[in-house]
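> Below are the sequence and a predicted model; questions follow.
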Amino acid sequence: MNKRDIRAKARDYIRQAAQGSFSDLQPDPENPGYTVSRVFLGSLINPSGKFYTPWANSNVQACPRCQGRGTLTTSHICPACDGSAVLTVQWILDHSNEPREACIARLNSTPACIWITPGETFHCWACNHTGKQADECAYCGGQGSREAFEDSLFWEFLDEFAAAAGGYIESGEGDPCDTFYCVSFPVVTFAADEERAL
Ligand SMILES: [Zn+2]
Ligand SMILES: [Zn+2]
């Protein structure tokens, strides 16, 4: 699916949900003082129709353009060190209010920091001391899987349209494959004397 179709799919879900049959209002466990009503959108409604966790997306197919790496064989100059492969403590101090001693102590306790001149310069960790970074594969958004990228776009659009319609998206408590569109309302209570005045 292309981005436009994914966006349209997400929009159609929210459009139908907004006219759908809402559940009775129930106390909102996340939001004291609010009640919430839900519409069931479906199970596994994401484009891939697969359930997986982003940190272990083992059952999605690897991107055919980058073979699952998420990066291309072309590269660009590392923006962190501007291609020099070196970062300086002075640069950090110039861009923060951190005292020098605290900054050096923090770097000393950071495993990724490998000093060139202790207390002054260290290897750029953003480019692994090469001065270059591989270009991100646009087809999979750097995720290494087009399926996973399409799914993540879909969830982003779904959240966006849900918010525009005044609600939000929630996954099922019992079954994380289930997706609900929810609308939350404040509980309105009147003081007893206001009730009497009516
Ligand atoms: Zn760098
Ligand atoms: Zn790719």
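Noted; the coordinates are in hand. Ligands and ions are numbered 1, 2, ... in the order given.

> List the contacts of the longest helix that the chain contains.
In the chain, assigned by DSSP state H, the helix with the most residues is helix 146-164. Helix 146-164 is contacted from outside by 1, 3, 6-7, 9-11, 13-15, 46-48, 50, 52, 54, 57, 60-61, 63-64, 139-141, 143, 168-169, 179, 181, using C-beta atoms under 8 Å, 6 or more residues apart in numbering. In short, each C-beta sits where N, CA and C put it, glycine included.

> Distance of the residue nearest to Arg100 when sequence neighbours are not counted relative to ligand 2?
Nearest non-adjacent residue to Arg100, counting by C-beta to C-beta, 6 or more residues apart in numbering: Leu93, 6.2 Å away. Using C-beta to the ion, to the nearest Å, Leu93 is found at 38 Å from ligand 2.

> For Leu93, grab phi and psi.
phi -60, psi -40 (degrees, to the nearest 10).

> Run through the contacts of helix 146-164 and flag the ones next to ligand 2.
Cys63, Tyr139, Cys140 (C-beta under 5 Å from the ion).

> secondary structure element for Val39?
strand 34-43 (DSSP states H and E).

> Could you dump the ones next to ligand 2 among the contacts of helix 146-164 into a markdown table and include neighbour count?
Output for those, formatted as a markdown table (neighbours: other C-beta atoms under 10 Å):
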| residue | neighbour count |
| --- | --- |
| Cys63 | 22 |
| Tyr139 | 15 |
| Cys140 | 25 |
